[in-house]
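Q: Coordinates for the following, if possible.
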Amino acid sequence: MNLQSMEKLVTEAFGDRQLLKKDAYAQAVLDTIAALDSGMVRVAEPQQGQTQWKVNIWAKQAILLYFSLTQMEVMESGPFEYYDKMPLKKGYPAAGVRVVPPATVRYGAHIESGAILMPSYVNIGGYVSAGSMVDTWATVGSCAQVGKGVHLSGGVGLGGVLEPPSALPVIIDDGAFLGSRCIVVEGVHVEKEAVLGANVTITASTPIIDVTGPEPVTYKGRVPARSVVIPGSMTKSFPAGDFGVTCALIIGKRKESTDQKTSLNDVLREFNVPV
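A: Numbers count the residues shown, from 1 in each chain. Now for the predicted structure:
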């Protein structure tokens with residue numbers, strides 16, 4: 001089934017789930033999940049040199065419909081037993097992906113050749129690009145998109161954004177580095193080669209404040225390319241008084257003159273950012 005037919009049938013079935021009783025519609029959903037698993041289809045894809053991203057709404061709709069088509073079943077992997085509606089991903093040797101036990105990837109997520117998964121979790125619809133490292137106990141939530149050469153340090157959590165289907169997922173662009181226990185959720189876009197220090201938490205409403213100039217500049221929902229970010233707080237007034245609330249502070253930029261490895265070392269030396 002070609003992509004145009006799959007999109008048409010999935011969209012129609014999402015509007016009327018009774019259509020899933022017909023073989024053609026059910027097969028379109030199954031084919032879409034297989035296409036997500038192989039990387040032929042992505043939940044979101046870069047446009048115009050990755051400055052903007054397009055959401056393939058029908059792909060997210062297919063994931064939601066897939067839950068209706070599958071049944072709970074026991075799955076075994078060595079000494080481990082699972083009980084779920086979705087199978088686990090297979091075929092890592094052929095795909096050229098290193099997976100350290102007990103890393104888990106759900107079927108319907110795509111891992112490009114050259115990626116490395118330490119004991120971690122990648123949910124359906126997720127995409128991890130070549131050369132990226134998903135470190136120990138890091139989580140790539142449903143539909144999160146991870147670019148090339150990204151490092152997700154231990155305990156990083158990328159939130160899943162499955163509903164509404166039109167919502168942009170979490171996007172971590174090429175060359176970004178996320179320090180230990182960073183949390184990025186609600187469709188936040190971390191742009192190319194940005195560095196987030198340990199424990200940075202960013203939601204769609206978190207103020208991301210550039211403090212490198214004479215006046216603060218505030219962003220929300222995206223971390224500008226090559227930014228160096230640390231956890232911060234800002235004072236906010238409430239009926240009970242003034243209290244500090246979480247924000248993120250941009251304290252500098254990675255240098256254009258250095259490669260990624262050298263630039264990261266510069267971050268550690270010049271800004272003393274824990275990772």
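
Q: for the record, mean pLDDT for the biggest helix by length in the chain?
A: Assignment by DSSP state H gives helix 23-38 as the longest helix of the chain. Helix 23-38 shows a mean pLDDT of 97.

Q: Tell me the helices and strands packed up against the helix or strand just after it.
A: For helix 23-38, the succeeding helix or strand toward the C-terminus, using DSSP states H and E, is strand 44-47. Applying 3 or more Cβ pairs under 8 Å, 6 or more residues apart in numbering; DSSP states H and E, we find strand 44-47 packed against strand 52-55. Heads up, the C-betas are built off the backbone N, CA and C, glycines and all.

Q: In the stretch 1-150 of the chain, mark out all the helices, start to finish.
A: Counting by DSSP state H, counting those that start in this stretch, the stretch 1-150 of the chain has helices at residues 3-15, 23-38, 57-69, 92-95.

Q: highest average neighbour count across these?
A: helix 57-69 (a mean of 21; mean count of other Cβ atoms under 10 Å).

Q: if we can go back for a sec, can you redo the helices of the stretch 1-150 of the chain as CSV, where the extra columns are distance to residue 115?
A: Below are the helices of the stretch 1-150 of the chain laid out as CSV (distance: least, Cβ to Cβ, whole Å):
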stretch, distance to residue 115
helix 3-15, 24
helix 23-38, 14
helix 57-69, 20
helix 92-95, 9
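
Q: Show residues contacting the longest helix of the chain.
A: 1, 3, 5-6, 9-10, 12-13, 19-20, 41-43, 58-59, 62-63, 65-66, 69, 89, 107-110, 124-125 (Cβ atoms under 8 Å, 6 or more residues apart in numbering).

Q: so it versus helix 57-69, what angle?
A: Helix 23-38 runs at 110 degrees relative to helix 57-69, counting by axes from the mean of the first three to the mean of the last three Cα atoms, to 10 degrees.

Q: between helix 23-38 and helix 3-15, how many degrees?
A: 110 degrees.
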